[in-house]
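J.: Have a look at this prediction, sequence included:
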Amino acid sequence: MNLFRRRALSPLASPARFRELYERSHPAVFRYIYGLTGGPQDDVEDLTAETFLRAWKARHGFQGDEASATGWLIRIAKRLVIDRYRRSVQAIHNLPADPPAESTPEQTAVADEQINFLYRLLGELPDEPREILALRYLLGWRVNDIAEYMGATENSVSVTIHRTLSRLRVRWAESDTGHLAAAFVPKENES
């Protein structure tokens with residue numbers, strides 16, 4: 001046992017390298033946390049900041065390459081979301097949607113109702129399918145990256161995505177929300 005052996009230097013040890021990681025990964029970490037929690041935005045920002053604070057404190061222990069650093073941040077964020085959920089069992093809050101510039105109050109109300117319903121549907125999903133959808137559609141990860149991160153096969157991730165989206169489509173079609181939108185869509189002959 002050599003007590004004087006040098007410890008390998010983490011690729012994130014320097015403030016400049018960590019700043020580069022922050023600038024590159026901040027939007028992805030924010031979207032991931034938002035995808036898991038549904039908001040509100042202040043809470044998502046707090047969790048994102050806490051993720052990077054914890055990563056900063058642990059940066060010397062990180063031994064992966066720069067490509068795996070985002071996955072490391074996502075794991076930190078996931079643990080923070082789980083911890084927050086365990087501490088405060090609250091309903092999922094939603095961010096208000098930005099209405100289209102030329103929308104009527106009725107169209108804005110319909111859009112808000114649809115977004116709220118979508119977040120309710122997502123909130124009802126089990127944790128794993130919700131996380132897979134967040135990684136795929138909010139972060140844009142490829143199926144093979146999700147499989148590696150989740151410790152699953154690519155096939156199981158693909159099947160989970162397909163089945164979950166199919167269930168969401170059925171629930172959406174069965175809801176009044178999908179029909180509500182059609183009532184306020186202007187017809188071609190109306191001005």
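T.: Yep, it's here.
J.: Geometric centre of this structure: which residue is closest?
T.: The residue lying closest to the centre of the chain (Cα atoms, centre = their mean) is Tyr32, at 2.3 Å.
J.: Hmm, Leu135 and that residue touching each other?
T.: Yes - the criterion here is Cβ atoms under 8 Å, and Tyr32 meets it with Leu135 at 7.0 Å. To be clear about C-beta, it is placed using only N, CA and C from the backbone, and glycine gets the same treatment.
J.: list residues touching both of those two?
T.: Ile74 (Cβ atoms under 8 Å, 6 or more residues apart in numbering).
J.: follow-up on the earlier one: residues in contact with the residue nearest to the centre of the chain?
T.: 74, 77-78, 134-135, 138-139.
J.: Mind doing that once more with 7 Å?
T.: 74, 77, 134, 138-139 (Cβ atoms under 7 Å, 6 or more residues apart in numbering).
J.: next one: Thr51
T.: Counted by Cβ under 7 Å, 6+ apart, Thr51 has contacts 29, 73, 76-77, 80.
J.: rerun that using 6 Å as the cut-off
T.: 29, 76-77, 80 (Cβ atoms under 6 Å, 6 or more residues apart in numbering).
J.: Same check on Leu121?
T.: So Leu121 contacts 168, 171 (Cβ under 6 Å, 6+ apart).
J.: Need the pLDDT of it.
T.: Here, the pLDDT recorded for Leu121 equals 81.
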